[in-house]
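Peer 1: dropping the sequence and predicted coords here.
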Amino acid sequence: MIKAENFYVVRTPLLPVDTTSNLAHPHLAQHIRQLLQIPFFREAIYIASPELFQELEKWEQGHEDDKLLYALYRYFLRMSSRCTPYGLFAGCATGAVSEQSGIRLHHYRQHIKQSRLDMNYVAELVKAFTAIPEVREQLLFYPNNSLYKSGSRYRYAAYQLTNKFRHYFLTAVNASDYLDAVLHRAAQGATLKDIRNSLVDEAAGITEADADDFTEELLQSQLLVSELEPTVTGEQFFKRFLERAATLQHTGDWPAVLHQIQSLLQDQQSSIDAYRHVHSLVKSLVPDTSVKDLIQTDLFVATVQNTLSQRVIDDITAQVEQLRKLIRHRPHTDLENFCQAFSRRYEEQEIPLSLALDPEAGIGYGHHLGHHTDHTPLADDIAVAAASTPATRPVNKLQQFQQQQLYQCLRNNSTEILLTDADLDAIQEKEPSPMPYSMYLMGSLLGASAAAIDAGDYLFEMNGCAGPSAANLLGRFCHGDEHLATQLKACLDREAAQEPDKIFAEVVHLPEARTGNILMRPQLRDYEIVYLANSQVAEDHQLPLSDLMISVQQGRVVLRSRKLNKIIVPRMSTAHNYRNGLPVYKFLCELPLQDFSGNIGWDWQLPGGETFLPRVRYRNILLSKCTWTLDKKDFPDLDSSKSSLAIFHPFKTRWQLPSHVVIVEGDNELLIDTAQEAALQLLLRQLRKSGTLTIQEFLGTSENCWIEGPDGRHTNQFIIPVHDAAAIPKDTTATDTRPVAASSPQRQFMPGSEWLYLKVYCGTRTAEDFLKEALHPLAQQLTDASLIDKWFFIRYTDPDHHLRIRFHHGTRPDFWKTVLERFYAAVQDFSGKALVYRIQTDTYEREMERYGETTMALSESIFCYDSEAVVQMTGLLDEEQGEDYRWQLALRGTDMLIQDFGYSPDEKTAFMERIQQAFFREFGGEKALLHQLNDKYRKEMRKIQSILNPHDDERNGVEEAVALFRQRSEKIRQLLHQHGPLPEKAALLPSYIHMFLNRLFLANQRKQELVLYHFLSKYYASQSAIRKQQTTTGSIHHIKSIQYEKEK
């Protein structure tokens, strides 16, 4: 159930909506000149565009400029109609939910301006400041926080400046003892002198000149960065820069000039002359400074009253709750592709995030790998389709509904589709898409007055309801509104409390300096993921790239902090288009979307080409406005000398256009009064330029604007933080971190240690022969002779198919010599026939993040018992029917393994449903796939029921194979009994099952797992239903017998 928080933010333009009604042609210039007599409006235009203001001053001196006139006209249209904050054109105010609605604005002179230098210019100032040799020697330097080691090289992101804008690229340098020493010395921050001295003291043969040259090279290559790298969270960067500069020596006039700039920008009485003075001060420090975009300003609107009725808020959210039925599953293509590629390459391994996203050493982001082609009858007839394009995607229920409704509107000459609850039920997807706990609801509240709204006479023009957090659109305004910051932080704390075992961490990254203007926000979360930016939180609350590990568990990406041993949930508490950013940044911002489908709203899914789309409404919620698509060909007189009113009139009449519309370009809207010549000139100019144009009805006219100021009525847009009041803390069992031992066991075993690790490269069929003809007898001999105490194998493809075999002996350090000698003898027949083409020894690295430090040895023993069972079973599978028996035995072996861990029948049902759903989502989760899986289950149902029934073992001819599973079960149960309680079994068992199936299946393991888990989930569910029916029937018989006895 969607419920609102007790605060909201209202956004409103500087001027009342009727301001432009007097700007009628041919008196446009006169009216604009009158508006420009007001200093505050002139200041607003200067901040928006100093260059245009210079032309304005010429125009006021008598230089006629029609192009300038219409540019000013557009500005005043925006200042009186569009709510999106931009300089002084529009601002925001925080309000409270109360008993009654009422919003009244103070005069604009009482609004609060928060002005600051554009981040691009702050970055330029810092660059010039840190280039002063005496200053640079006093600063601390750190390693670039994008740095990570890949093999014998360090890789990191650096940037080049193009027209003063940062453009990042990935680069690499060779590792060396000298570089390692510098990075170690600078890890906690070091001056350049300290770094040079450490090189001279610790590295033989390094002179002071050598150290100086080497350090300078590291600075130029951006391997070392200064403490004055930009920040986007916490205290504003310019203030931090000013405070640090004041503590340094040999800085000349810098501190005084910076302080003067700060004072001028903080003065609420600052004027255009003050901004020009700021420009001259900046130029005194950095001569090559333009006036363009120099000042960034946010406007915080002063209000006499600012409340919304709790009743209205509840009414709106209750209606939005019903509209959840409109949510459609929207694939996050890059994330899903990455998830699949990761699983194919690394399976359930956990690896450093930096390695996974490395386009050379890892898989990159969104990179595809090939599929196997071996014969696997369990899965070969299951088609996993690639994502279809919109042109080929089948028509869904929503599209059918939209087409029918549009046809009826056109036939009946109607302009509105009124949705009913029955409509919503009919078009709802069978499985509703999940929503995040924390979201924002955005839209305009339209009504004649506050009293009318409280009486329920209103429309809420909904712009969207989305997440993954309420902070997405609010974070950037917290710097100028402490009350908003306090409220929002409390809201985020409640969000984090929903998953207390995880860490919600803010993504801190500066893609390029100018974006810092919208990325700046206070510290809203306790932890921060820091990437190519600075953080002001304590070091133990910073999560650098090098600390983050990644795995894919049950089709979901899991991010973990090594030092905290906690799952990390990245969050971005400001609105920024990250899609063209660096892979790491894009990945971190998209990762929260893997659990959610997106926006509550109306999305027209028609083929296109419609001239008109009607309004869509559900009760008081306006989901979509009347929309028209204009095309040049519909305006035969477009290039004639006729007035704009005459040119536009035929189209306006034919399509019954209202008096006010807006031109829509992306998220930009420009108000057009269709009765005004000047406004239509703007519209037709744009149509001539672009060829087509989209316009929508504008409902924010004066009679629908209830927010009042001294100068008239203002349009509005609300951002209302909401949450799912029905949410309960999530079950994180599937992705919990594994237990950590008091003293960590050894992770890495080199050749010559207690673990011998061999890779045998061969084809999949050769591998099968090798297992039963060579490895099985060898392992038995080595075990009988006490040359090994455990061993196990897995099948792997990276990229070539091979077997990975590990032998262990805990007390004989030289055991590997004898084992290796006998192993080579056993493999001789295969290598002599060129069936095995490569054998390698390697370092065994335990996957302790996956299997847990306290349960790693136990897991290796289970792998041993499982490997013994599987290699013996390979000898029972003949060529003709072997593959059919293989998947049936996989079912039985999985079922018995689940029982070994003490699961009850109902627990087995829930456990398998969770795994099945995870794999189903991994493979796209499409209905077509579900139909195929269900069809295959029906086809194979008798075999499934029979193989899972022990009474049919003799008839099925699987007694010998099942006996091997029973031997495995006896050993595992004894092991678990010796180990004691295993509370983390729900996290470990899926991996044990996965590894069992990896050993048993020849190839296409994950696809076969998908089918097998579906079979077991369906079978367990049917058995559960039978049990419930029997229980109900038994209860009925018992009641009837009691009644019978009473009647007697």
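Peer 2: Done, it's in.

Peer 1: which element is the closest residue to Y937 other than its chain neighbours on?
Peer 2: Spatial nearest neighbour of Y937, excluding adjacent residues (CB to CB, 6 or more residues apart in numbering): K1018 at 5.1 Å. From N, CA and C alone the C-beta is placed, and that goes for glycine too. Here K1018, judged by DSSP states H and E, is contained in helix 1005-1047.

Peer 1: and if you look at N306?
Peer 2: For N306, the host element (DSSP H and E) is strand 303-309.

Peer 1: elements contacting that strand?
Peer 2: Contacts defined by 3 or more CB pairs under 8 Å, 6 or more residues apart in numbering; DSSP states H and E place strand 303-309 against strand 90-98, strand 102-105.

Peer 1: list of residues touching it?
Peer 2: By CB atoms under 8 Å, 6 or more residues apart in numbering, the residues outside strand 303-309 that reach it are 8, 10, 93-106, 445, 453-454, 718.

Peer 1: about what we covered before: do you know the pLDDT at the residue nearest to Y937?
Peer 2: Note on K1018: pLDDT of 96.

Peer 1: V958 versus that one, what's the distance?
Peer 2: 21 Å (CB to CB, to the nearest Å).

Peer 1: between those two, which is the more surrounded one?
Peer 2: V958 (22 against 19; other CB atoms under 10 Å).

Peer 1: you'd agree that one is up against A890?
Peer 2: No: between V958 and A890 there is no contact under CB atoms under 8 Å: 11.8 Å.

Peer 1: ranges for the helices of the stretch 701-850 of the chain?
Peer 2: 764-770, 776-784, 815-832, 848-851 (DSSP state H, counting those that start in this stretch).

Peer 1: okay, and the beta partners of A505?
Peer 2: Y527, P570 (DSSP bridges).

Peer 1: now do the contacts for it.
Peer 2: R525, Y527, E528, I529, L543, I568, V569, P570, R571.

Peer 1: give me the distance between it and G189.
Peer 2: 22 Å.

Peer 1: element containing the residue nearest in space to the middle of the chain, please.
Peer 2: Central residue of the chain (CA atoms, centre = their mean): E590, 2.0 Å from the mean position. For E590, the host element (DSSP H and E) is helix 583-590.

Peer 1: report all helices and strands that that helix contacts.
Peer 2: Looks like helix 583-590 contacts helix 333-346, helix 353-357, strand 502-508 (3+ CB pairs under 8 Å, 6+ apart).

Peer 1: and it, how far out from the chain middle?
Peer 2: Mean C-alpha position of helix 583-590 versus that of the full chain (CA atoms, centre = their mean, to the nearest Å) differs by 7 Å.

Peer 1: same check, this time on stretch 504-516
Peer 2: Distance, centroid of stretch 504-516 to centroid of chain: 14 Å (CA atoms, centre = their mean).

Peer 1: could you do stretch 858-871 as well?
Peer 2: The answer for stretch 858-871 is 38 Å, by CA atoms, centre = their mean.

Peer 1: state the mean pLDDT of it.
Peer 2: Averaged over stretch 858-871, pLDDT sits at 97.

Peer 1: what does that stretch contact?
Peer 2: 771-772, 775-776, 779, 790-793, 808, 851-852, 893, 964-965, 967-968, 971-972, 975-976, 979, 988, 991-992, 995-996, 999-1000.

Peer 1: put the buried members of the residues you listed into a PyMOL selection.
Peer 2: Here is the PyMOL command that selects the buried residues among these (16 or more other CB atoms under 10 Å):
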select buried, resi 771+772+775+776+779+790+791+792+793+808+851+852+893+964+965+968+971+972+976+988+991+992+995+996+999+1000
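
Peer 1: so for the helix or strand where M549 lies, mean pLDDT?
Peer 2: Assessed by DSSP H and E, M549 sits inside strand 548-553. Averaging pLDDT along strand 548-553 gives 92.

Peer 1: then stretch 796-816?
Peer 2: Here the average pLDDT along stretch 796-816 is 88.

Peer 1: buried stuff in that stretch?
Peer 2: T797, H801, H802, L803, R804, I805, R806, F807, H808, H809, F815, W816.

Peer 1: tabulate those residues (a markdown table), appending distance to I647.
Peer 2: As requested, these are exported to a markdown table (distance: CB to CB, whole Å):
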| residue | distance to I647 |
| --- | --- |
| T797 | 66 |
| H801 | 70 |
| H802 | 73 |
| L803 | 77 |
| R804 | 75 |
| I805 | 81 |
| R806 | 80 |
| F807 | 86 |
| H808 | 86 |
| H809 | 91 |
| F815 | 92 |
| W816 | 89 |
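
Peer 1: tell me the one among those residues nearest to D884.
Peer 2: Distance to D884 across the buried residues of stretch 796-816 (CB to CB) is lowest for H801, with 22.2 Å.

Peer 1: so that closest one bridges to which residues?
Peer 2: Following DSSP bridges, H801 is listed with bridge partners T797.

Peer 1: roughly how far apart are it and A767?
Peer 2: H801 is 7 Å from A767, by CB to CB.

Peer 1: can you list residues touching both of those two?
Peer 2: By CB under 8 Å, 6+ apart, H801 and A767 have these common neighbours: R795.

Peer 1: any idea where the strands of the stretch 301-450 of the chain begin and end?
Peer 2: Assigned by DSSP state E, counting those that start in this stretch, the strands in the stretch 301-450 of the chain fall at 303-309, 351-352, 416-419, 438-446.

Peer 1: confidence-wise, which of these is weakest overall?
Peer 2: Among the strands of the stretch 301-450 of the chain, strand 351-352 scores lowest, with a mean of 90.

Peer 1: show residues contacting that strand.
Peer 2: With CB under 8 Å, 6+ apart, strand 351-352 has contacts from Y148, G362, S546, L548, M549, I550, S551.
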